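> Model the following, please.
(chains A and B)
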Amino acid sequence: MDQAIARVHRHPGPASDVRVSIVRFERGLAFMRLVPEGARVSEVIEDVLASHRGSGGMVRLHGRIGAGSFCTAPPDPLGAYVIRYGVPVPVAPGSIILSADGSCGFDAEGGPCIHLHGVVATPDGQVVGGHLLPETCVAGPGGLLARFSFAAGATFLRSPDAESGLSLLRPHRSPGTTEACA
Amino acid sequence: MTASPTVPGFAPVGAGALCRIGPNEDLVAAIEKAADEAGFDTAFIRGALGSLYEVTFDVNGNRRTLKGPAIEILSLNGRSMRTSDGGRTTDIYALVGDVCGMSHGGQVVAGTAPVCVTVELMIETMGPATGPATGV
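Here you go, the predicted model:
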């Protein structure tokens, strides 16, 4: 390291001793899905998660987007959290997702969870992005291409995080699964 | 919903790791730690997202610091490799969004990018898959 960290920040809750959580897997699978024109990104990812119970990983998207929105995260004005997502910003019609990465996993009840960030080129030449809201993102003409990279026997699970006060995804070994995805 | 068309083809993914980096951990150091804990001499970033408190980018020797919070990671690429002396050399390239949604990018300078809330990432290593290619 050639420079010390300049600043640190305090979250409202106690810090966990585990600062970097990892779950190693020995193999996985990469595959593609098309988000067809008019379909929501969330529907396609949820469909994939439903057919790969116990597995999760990452999705990378690109292509034309017909509608969508993203949030940025300014400091929480009430001070309850370090940050708080702001009002969703609509994505201009005719925009292109240049790249969006999403974590794919499950909540405690087994429901699908998606955390998606991405960058979008707008028709007027701007390149903007942030926390994409997958339930608002609808594929445009030609659809969106989604490349999934899923681990065998590992996934992300969402659970409350005492430190930040938020509900966050963490890697977990899938209980009761063999190395191969169900 | 109409079933999403399956695009023909798939590829095996070899050994990798799903990771979560907590607040105030330096992004580059944490990726090195994750690679070490996974036992990967070489680790590539397959996908990543999250937020940083601040970050300094280097573009051909020109450095620029972006202050948060929170700077959203929009795209992250790079790799960490074991060096002959047992250390690591790590190059991480990021595209981030500021609080106005405008994008910025460059090579992340080690020690300058504390995580704000969380970073989720998937790393993979290069090498033969340990099982049948179609095992998933």
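
> From the contact counts, what lies against the helix or strand hosting residue B:67?
Using DSSP states H and E, residue B:67 maps to strand B:62-82. Under the contact criterion of 3 or more Cβ pairs under 8 Å, 6 or more residues apart in numbering or on different chains; DSSP states H and E, strand B:62-82 touches strand A:95-106, strand A:112-121, strand A:127-132, helix B:27-38, strand B:42-59, strand B:88-97, strand B:103-108, strand B:115-124. Heads up, the C-betas are built off the backbone N, CA and C, glycines and all.

> My guess is residue A:140 contacts residue A:91. True?
No. Between residue A:140 and residue A:91 there is no contact under Cβ atoms under 8 Å: 10.0 Å.

> what touches both of these two?
residue A:65 (Cβ atoms under 8 Å, 6 or more residues apart in numbering or on different chains).

> Contacts only, for the most centrally placed residue in chain A.
When chain A is reduced to its mean C-alpha position, the nearest residue by Cα atoms, centre = their mean turns out to be residue A:115, at 2.1 Å. For residue A:115, the contacting residues are A:102, A:103, A:131, A:169, B:49, B:120, by Cβ under 8 Å, 6+ apart.

> Please repeat the previous calculation with a cut-off of 7 Å.
Listed by Cβ atoms under 7 Å, 6 or more residues apart in numbering or on different chains, the contact partners of residue A:115 are A:102, A:103, A:169, B:49, B:120.

> same check, this time on residue B:19
Residue B:19 neighbours (Cβ under 7 Å, 6+ apart): A:20, A:21, A:22, A:171, B:34, B:121, B:123.

> Would you reformat those as TSV and include pLDDT?
Formatted as TSV, these follow (pLDDT from 0 to 100):
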residue	pLDDT
A:20	96
A:21	96
A:22	96
A:171	97
B:34	97
B:121	97
B:123	97
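
> which of those residues lies closest to residue B:88?
residue B:34 (11.2 Å; Cβ to Cβ).
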